[in-house]
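Engineer: no sequence on this one, just coordinates:
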């Protein structure tokens, strides 16, 4: 066998044990304890074996061996809350993309569509999927874009501030194909009401989530619902979009902003749109403009258009300019904190 | 002292952890593997007879009678040490655990690693993950079935089926849980434990000749394929295909061809280059080469 794993700095496991349990038919420590001890190190047969007859070793093992308990992972699988982000930030400086926009603009549908594309094998340029701490969060919204036996795809349920789907942050770990570094991408899934409140009143108590998302973002996707800008009621949504852009202007600094017109299969009146674009250009100059639709459109590949927006919000350079961490093997433990090695 | 030093120099058994849910042909493969080892028709051979054939008994009996092996009972767990001899006469011991696939499904659903599983993980140097490509199909979505008009809400009287994870996501979460419990860092592609992916029941796929297992995995579960390639170095992973019996078996109709030809002459492996080979020990050999 080549390459002693113990010499590999990335090989982490319990210390190699050369002894074998003397109990006939028992394969501990390589298999489970035949007698049924949950912790083979505390099994009387193991402790009574000749190599441990000194008693000192047995007592030391007994005193230090952790009780084997069920090991919960360090993540829930659901959309991450702010407390959960420490786990991600401990291994890399994550890249946060804040997706903001009015209610029903299509923010969650964007997220669901991106995940469906990744599931189907679409890749972000120069990157390969390397895991997620929020797979259940992704699955719960992407579920709505599937054809199931009963009905066709629908929009995901509204992201609410109250009951129902909870807002959070969705996570993607990506391996860069060039230098092999790991990148952690975070995408907000927040209700439009947060941003509406923040746009109206900067310090609104109900807009803390919006303030957090804006404060910590590395890039912004400003989602504009084309459908809301048609019909006799289009004036109100336009005003709210401009208010939000104005509010964002005060905090954006030099961070990139992408204006994403969703439901672009629906035509917005030419003059109306030109005026709105003019207002947005004043508040968010330099913002890149995209048009997206989940409906097929002539001359467009829906999947390519969607992925291009997500790719544009990623950092072009490696997130870190520091040496990659080299971690020592973990101790023998069931403690999720100590077990977490950036898994 | 000398005896103690001698025991320290004894090579550690290479423990292979078998992973897979129900209906992925793990039991068929275990029984057929034993048949190859006992007949010495593969590259790997048994150094000595197995002390206890109990874990394989039921499956061997059924296959000999042309019937499918039964599922392992949910709570049943047995292990067998396979004392193997490599192609260069090297002595290798492989611990082959047998358990019901429901345990893996429950691990994903409840997101907890039991003490028994943690023990297995701690001692394992290689993982052999069984997937059945025919069952690895995600539902159509808005990209595979273009729609004229996206429904805003379900029609009256219709309800969307309960959330069911995609197969790729379930397997990814399983591997994430196991890597975490084993303490493998995600910062770098892992060199250990070695991961072998076995795409089972290849015979039911009806694929063109020389189709490679890696291509099938990428086509059926691309996100899972990307995850594996991101998390393991190229030296520490491979994908094989397998048809342990080479045909579908029916519980109500014994297969005379299997009975008369004996199970040991049935079944084949699909190597990384798409070549078919009757030596069912090759996936294990590939694991052991990479450990």
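Structural biologist: All right, it came through fine. Predicted model only: the values in this text are computed from it and were never measured.
Engineer: just the helices in the stretch 51-200 of chain B please.
Structural biologist: B:54-64, B:102-110, B:115-123, B:167-182 (DSSP state H, counting those that start in this stretch).
Engineer: mean pLDDT for those helices: which is lowest?
Structural biologist: Lowest mean pLDDT of the helices of the stretch 51-200 of chain B: helix B:54-64, a mean of 78.
Engineer: can you confirm whether that helix lies near chain A?
Structural biologist: No - Helix B:54-64 does not reach chain A (CB under 8 Å from any CB of the partner chain); its nearest approach is 10.6 Å. Glycine gets a C-beta too; all of them are placed from N, C-alpha and C.
Engineer: any idea how many residues pack against residue 192?
Structural biologist: I went with chain A, as the question did not name one. Using other CB atoms under 10 Å in any protein chain shown, residue A:192 has 23 neighbouring residues.
Engineer: should've been chain B
Structural biologist: 23.
Engineer: residue B:127 is in contact with that one, correct?
Structural biologist: No - using CB atoms under 8 Å, residue B:192 is not in contact with residue B:127; the gap is 10.1 Å.
Engineer: which one of the helices of the stretch 51-200 of chain B is the most hemmed in?
Structural biologist: Mean neighbours per residue, mean count of other CB atoms under 10 Å in any protein chain shown, is largest over the helices of the stretch 51-200 of chain B for helix B:167-182, with a mean of 23.
Engineer: by contact count, what packs against it?
Structural biologist: helix A:135-142, helix B:102-110, helix B:115-123, strand B:124-131, helix B:222-231 (3 or more CB pairs under 8 Å, 6 or more residues apart in numbering or on different chains; DSSP states H and E).
Engineer: tell me the first helix or strand C-terminal of the first one.
Structural biologist: Read in the C-terminal direction, the helix or strand following helix A:135-142 is strand A:168-176, with elements assigned using DSSP states H and E.
Engineer: which residue does chain A bring closest to chain B?
Structural biologist: For chain A, the residue closest to chain B is residue A:121, as judged by CB to the nearest CB, at 3.1 Å.
Engineer: who wins for proximity to residue A:173 among the helices and strands packed on helix B:167-182?
Structural biologist: Across the helices and strands packed on helix B:167-182, residue A:173 has its closest neighbour in helix B:222-231 (7.8 Å, CB to CB).
Engineer: what's next to that closest one, contact-wise?
Structural biologist: Here helix B:222-231 makes contact (CB atoms under 8 Å, 6 or more residues apart in numbering or on different chains) with A:118-121, A:123, A:128-131, A:173, A:175, B:166-169, B:171-172, B:175, B:179, B:186, B:189-190, B:195, B:197, B:214, B:217-218, B:237.
Engineer: how about the helices in the stretch 151-300 of chain A?
Structural biologist: Secondary structure of the stretch 151-300 of chain A (DSSP H, counting those that start in this stretch): helices at A:192-200, A:208-216, A:235-252, A:270-283.
Engineer: most packed of these?
Structural biologist: Most buried of the helices of the stretch 151-300 of chain A, by mean neighbour count (mean count of other CB under 10 Å): helix A:192-200, with a mean of 22.
Engineer: and the pLDDT for residue 53?
Structural biologist: With no chain named, the answer covers chain A. 44.
Engineer: nope, chain B
Structural biologist: Reading off the model, residue B:53 has pLDDT 76.
Engineer: shaky segments in the chain?
Structural biologist: Going with chain A. A:1-20, A:23-42, A:49-72, A:146-167, A:317-343 (pLDDT under 70).
Engineer: if you could check chain B rather than the one you did, that'd help
Structural biologist: Using pLDDT under 70, chain B drops low at B:1-14, B:70-79, B:95-100, B:138-140, B:144-162.
Engineer: one step back: just the buried subset of the contacts of helix B:222-231, please.
Structural biologist: Buried subset of the contacts of helix B:222-231 (neighbour count, 16 or more other CB atoms under 10 Å in any protein chain shown): A:118-119, A:123, A:128-131, A:173, A:175, B:166-169, B:171-172, B:175, B:179, B:186, B:189-190, B:195, B:197, B:214, B:217-218, B:237.
Engineer: quick one, which of the helices and strands packed on helix B:167-182 gets closest to residue B:202.
Structural biologist: Closest approach to residue B:202 among these (CB to CB): strand B:124-131, 11.1 Å.
Engineer: so residue B:191 touches residue B:234, yeah?
Structural biologist: No - Residue B:191 lies out of contact with residue B:234 (CB under 8 Å); the separation is 10.3 Å.
Engineer: settle it for me: which of these two has more neighbours?
Structural biologist: Between residue B:191 and residue B:234, residue B:191 has the larger neighbour count (other CB under 10 Å), namely 18 against 8.
Engineer: distance of the more buried one relative to chain A?
Structural biologist: From residue B:191 across to chain A, the span is 5 Å (CB to the nearest CB, to the nearest Å).
Engineer: just send the helices of the stretch 151-300 of chain A back as JSON lines, with distance to chain B too.
Structural biologist: Below are those laid out as JSON lines (distance: least, CB to the nearest CB, whole Å):
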{"stretch": "helix A:192-200", "distance to chain B": "17"}
{"stretch": "helix A:208-216", "distance to chain B": "22"}
{"stretch": "helix A:235-252", "distance to chain B": "17"}
{"stretch": "helix A:270-283", "distance to chain B": "22"}
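Engineer: format those helices as CSV; extra columns: distance to residue B:28.
Structural biologist: Shown next, in CSV, are these (distance: least, CB to CB, whole Å):
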stretch, distance to residue B:28
helix A:192-200, 53
helix A:208-216, 52
helix A:235-252, 60
helix A:270-283, 62
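Engineer: among those helices, which is nearest residue A:46?
Structural biologist: helix A:208-216 (50.2 Å).
Engineer: touching stretch B:206-214 from outside, list them.
Structural biologist: Contacting residues not belonging to stretch B:206-214 are listed as B:197, B:199, B:216, B:225, B:239-241, B:270, B:272-275 [CB under 8 Å, 6+ apart].
Engineer: what's the span of that stretch from first residue to last?
Structural biologist: Terminal residues of stretch B:206-214 lie 16 Å apart, using CA to CA, to the nearest Å.
Engineer: can you report how many residues lie near residue B:204?
Structural biologist: Neighbour number of residue B:204 under other CB under 10 Å is 14.
Engineer: partner residues bridging the residue nearest to residue A:80 when sequence neighbours are not counted?
Structural biologist: Counting by CB to CB, 6 or more residues apart in numbering or on different chains, residue A:169 is the residue found nearest to residue A:80 once chain neighbours are left out, at 4.5 Å. Beta bridges link residue A:169 to residue A:80, residue A:188, judged by DSSP bridges.
Engineer: now the strands for the chain?
Structural biologist: Assuming you mean chain A. A:95-100, A:127-131, A:168-176, A:182-189, A:219-225, A:257-262, A:288-291 (DSSP state E).
Engineer: please refer instead to chain B.
Structural biologist: Secondary structure of chain B (DSSP E): strands located at B:14-19, B:45-46, B:77-85, B:91-99, B:124-131, B:194-199, B:237-243, B:268-270, B:276-277.
Engineer: since that was my last question, I'll sign off now.
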